[in-house]
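Asker: below is the structure, and that's it, no one-letter string:
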Ligand SMILES: Nc1nc2c(ncn2[C@@H]2O[C@H](COP(=O)(O)O[C@H]3[C@@H](O)[C@H](n4cnc5c(=O)[nH]c(N)nc54)O[C@@H]3COP(=O)(O)O)[C@@H](O)[C@H]2O)c(=O)[nH]1
């Protein structure tokens with residue numbers, strides 16, 4: 001028995017020593033695990049109410065609170081208010097069920113700075129399988145979140161100005177439009193473009209242009225409410241989204257007008273750039289929206305149409321989108337698209353209208369452009385010349401006209417009947433103002449071999465309104481090449497008689513509108529008579545335009561006019577159809 005007791009005692013002691021060894025080993029393992037966890041993770045333990053019972057050093061380090069300040073508090077102490085209430089409601093619902101919750105949390109440190117943690121909250125369960133406490137294990141992911149935010153900002157913001165870019169603007173517009181389902185009322189989209197930006201870029205360089213865009217962005221942002229969006233649409237185009245403009249349409253229109261005016265005034269203050277004072281004005285197109293069914297892409301197009309109207313109406317102003325304009329604008333846009341191809345596709349033809357003397361002998365012709373559109377047939381110049389002017393396409397088209405007319409003049413040098421004819425070509429202000437215009441015409445004359453003294457350039461009075469001095473200088477340079485000038489549509493503009501005598505003109509053309517009514521309107525007759533007398537006293541020629549009846553011609557001859565153009569003699573025709581002199585009068 002004693003032997004058995006001893007054996008049991010030894011056995012028991014051995015077992016106890018073994019258990020102690022195992023316990024020490026377990027404690028060591030636990031300690032190592034804790035050390036490893038502390039080195040890597042931010043750890044906190046809470047009770048079931050969320051009161052912090054234990055935190056590790058990393059928690060104190062990242063939150064900047066001491067252990068004493070944290071234990072006994074809930075996690076509210078580090079709440080950043082970044083997440084909505086529902087975020088934490090979801091967290092608590094998950095862990096209260098005894099499930100693990102994982103997610104990214106933005107917290108606020110003691111000094112107010114924000115930090116991000118990737119968080120896993122593990123409930124420790126009691127015998128009844130209900131949580132008795134929670135362990136939160138977190139990793140600092142602030143750097144990753146900052147990098148992500150930076151990438152996202154770059155993807156959604158314009159690098160030059162820092163403003164929301166086109167993509168973000170479209171998102172915000174889509175949000176504002178869809179918000180109409182919950183909150184009725186008007187919002188508005190303003191599309192804005194800087195009227196003189198191209199000149200700033202061209203004359204002062206792109207660096208100055210960039211600085212101007214930055215200053216414009218700041219002024220725009222300062223001029224609207226925080227809730228409004230100012231975005232850069234691209235180039236010198238900006239978009240402003242206004243929301244919550246009320247449920248009354250007229251009131252919303254008034255608000256948009258007020259904001260547009262504020263923006264216009266903000267941009268009107270001179271800019272100091274590259275040691276120069278620069279002034280710019282904006283053109284603005286606006287459209288209202290008040291239904292979640294409005295299409296953001298369509299709204300942008302409509303604001304663009306309104307912007308186009310504002311520019312066409314003289315710039316530096318606001319136009320609202322008018323649905324009636326839409327069809328016309330679409331048609332115009334299609335025509336411009338086709339006009340771009342027209343020279344290359346050989347769709348233009350020059351027609352010629354004779355200019356005759358008192359014996360109906362042809363003395364020259366006016367070249368008049370015709371566009372034979374593959375689908376629409378003949379498009380009248382009144383329809384496409386203004387579009388060509390607005391888009392700058394008048395430059396390549398005008399060059400084609402000059403080349404074709406000069407080639408015709410050169411060809412007529414071999415034709416005894418037409419050798420002496422002149423060709424008058426209409427030249428727009430935009431063409432004449434090109435710095436390279438004199439060189440261009442010199443090259444065309446050389447290339448075609450046309451006699452320069454048979455070429456007439458027809459200018460309208462409007463061309464002479466701006467930069468009179470430089471226009472006179474350019475006209476004199478062109479005269480040295482041998483070409484001559486006519487002043488077209490005379491009497492319809494605001495020509496100053498004082499500079500008329502300084503212009504190197506060969507003739508005035510009396511506008512058709514005066515000839516039309518010489519028998520009905522005594523004023524028109526007096527004006528036509530005065531223009532003829534003026535030309536005589538300036539010792540230059542005069543051509544009466546739009547002569548349609550023999551009576552008109554008789555009256556003009558009696559009043560001293562020597563040259564005539566009009567349907568009475570011939571409509572503009574293709575060169576091969578030009579009648580021989582003297583022209584038989586049409587009945
Ligand atoms: N910059 C350029 N402008 C051009 C060019 N080609 C034409 N145009 C301008 O387009 C406007 C319309 O021209 P068009 O339809 O050719 O009309 C001309 C004549 O057909 C018309 N005319 C002439 N006589 C009569 C007449 O007796 N009755 C009547 N109803 N119409 C008549 O007048 C137009 C000529 O006008 P003008 O140029 O003022 O002499 C017109 O403004 C053209 O200038 C081009 O190549 N470049």
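Answerer: Done, it's in. All of these numbers come straight from a predicted model, not from anything done at the bench.
Asker: can you name every helix or strand that the helix or strand residue 438 falls within contacts?
Answerer: If you go by DSSP states H and E, residue 438 is part of helix 437-448. With contacts taken as 3 or more C-beta pairs under 8 Å, 6 or more residues apart in numbering; DSSP states H and E, helix 437-448 sits against helix 394-412, helix 468-481. C-betas here are computed from N, CA, C, even on glycine.
Asker: point out the most buried one among the ones you listed.
Answerer: Highest mean neighbour count of the helices and strands packed on helix 437-448: helix 394-412, a mean of 20 (counted as mean count of other C-beta atoms under 10 Å).
Asker: next SSE after that one?
Answerer: strand 422-426.
Asker: helices or strands up against that following strand?
Answerer: In this structure, strand 422-426 packs against strand 348-356, strand 362-373, helix 394-412, strand 455-460, strand 484-490, with contacts taken as 3+ C-beta pairs under 8 Å, 6+ apart.
Asker: tell me the angle of the third one relative to strand 455-460?
Answerer: Following axes from the mean of the first three to the mean of the last three C-alpha atoms, to 10 degrees, one obtains 150 degrees for the angle between helix 394-412 and strand 455-460.
Asker: the helix holding residue 438 near the ligand at all?
Answerer: No: for helix 437-448, no contact with the ligand is found by C-beta under 6 Å from any ligand atom; the gap never falls below 13.2 Å.
Asker: just the angle between that helix and strand 422-426, please?
Answerer: 140 degrees.
Asker: ok, and what's touching helix 437-448?
Answerer: For helix 437-448, contacts defined as C-beta atoms under 8 Å, 6 or more residues apart in numbering pick out 399, 402-403, 406-407, 409-410, 431, 434, 450, 452, 455, 474, 477-478, 481-483.
Asker: equivalent analysis for stretch 409-424, please.
Answerer: For stretch 409-424, with C-beta under 8 Å, 6+ apart as the criterion, the contacting residues are 352, 355, 362-367, 405, 408, 448-451, 454-458, 484, 486, 578, 580-581.
Asker: what's the closest non-adjacent residue to residue 133?
Answerer: residue 124 (5.1 Å; C-beta to C-beta, 6 or more residues apart in numbering).
Asker: er, residue 528 I mean
Answerer: residue 514 (4.5 Å).
Asker: how many neighbours does the one you found have?
Answerer: 24 (other C-beta atoms under 10 Å).
Asker: my guess is it contacts residue 531. True?
Answerer: Yes: counting by C-beta atoms under 8 Å, residue 514 does reach residue 531; the two are 7.5 Å apart.
Asker: looking at the stretch 51-200 of the chain, which residue is nearest the ligand?
Answerer: residue 198 (21.9 Å; C-beta to the nearest ligand atom).
Asker: if I look at residue 121, how far off is residue 85?
Answerer: Distance, residue 121 to residue 85, using C-beta to C-beta, to the nearest Å: 17 Å.
Asker: residue 431 now?
Answerer: 68 Å.
Asker: quick one: which of those two has more around it?
Answerer: For the pair residue 431 and residue 85, the greater number of neighbours falls to residue 431 (23 against 8), based on other C-beta under 10 Å.
Asker: which residues touch the strand or helix carrying the more buried one?
Answerer: Here residue 431, judged by DSSP H and E, is contained in helix 429-432. Residues from elsewhere that reach helix 429-432 (C-beta under 8 Å, 6+ apart): 389, 392, 394-395, 398, 437, 457, 459-460, 462-463, 466, 471, 474.
Asker: got CSV for these, with pLDDT too?
Answerer: Shown next, in CSV, are the contacts of helix 429-432 (pLDDT from 0 to 100):
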residue, pLDDT
389, 90
392, 91
394, 95
395, 96
398, 97
437, 96
457, 97
459, 93
460, 88
462, 79
463, 81
466, 69
471, 89
474, 93
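Asker: domain assignment for the protein?
Answerer: 38-156, 157-321, 332-577 (automatic domain parsing).
Asker: and residue 45, helix, strand or coil?
Answerer: strand (DSSP: H, G, I helix; E, B strand; the rest coil).
Asker: quick one, grab the pLDDT at the closest residue to the ligand within the stretch 401-550 of the chain.
Answerer: Per C-beta to the nearest ligand atom, residue 426 is where the stretch 401-550 of the chain lies closest to the ligand, at 3.5 Å. If you check residue 426, the pLDDT there is 97.
Asker: grab the nearest non-local neighbour of it.
Answerer: Leaving aside its chain neighbours, residue 426 sits nearest to residue 458 (4.8 Å; criterion: C-beta to C-beta, 6+ apart).
Asker: quick one: contacts for the one you found?
Answerer: Residue 458 makes contacts with 366, 424, 425, 426, 427, 485, 486, 487, 488, 509, as judged by C-beta under 8 Å, 6+ apart.
Asker: the third one touches residue 456, doesn't it?
Answerer: Yes: under the criterion of C-beta under 8 Å, residue 425 makes contact with residue 456 at 7.0 Å.
Asker: kindly provide the distance from residue 427 to residue 471.
Answerer: For residue 427 relative to residue 471 (C-beta to C-beta), the value is 11 Å.
Asker: so what sits against both of the two?
Answerer: With C-beta under 8 Å, 6+ apart, residue 427 and residue 471 have common neighbours residue 463.
Asker: just the residues contacting the host helix or strand of residue 220, thanks.
Answerer: With secondary structure defined by DSSP H and E, residue 220 is part of helix 206-223. Helix 206-223 has contacts (C-beta under 8 Å, 6+ apart) with 160-163, 192, 194, 197, 200-201, 230, 232, 236, 238, 240, 259, 262-263, 266-267, 269, 271, 273-274, 278, 280.
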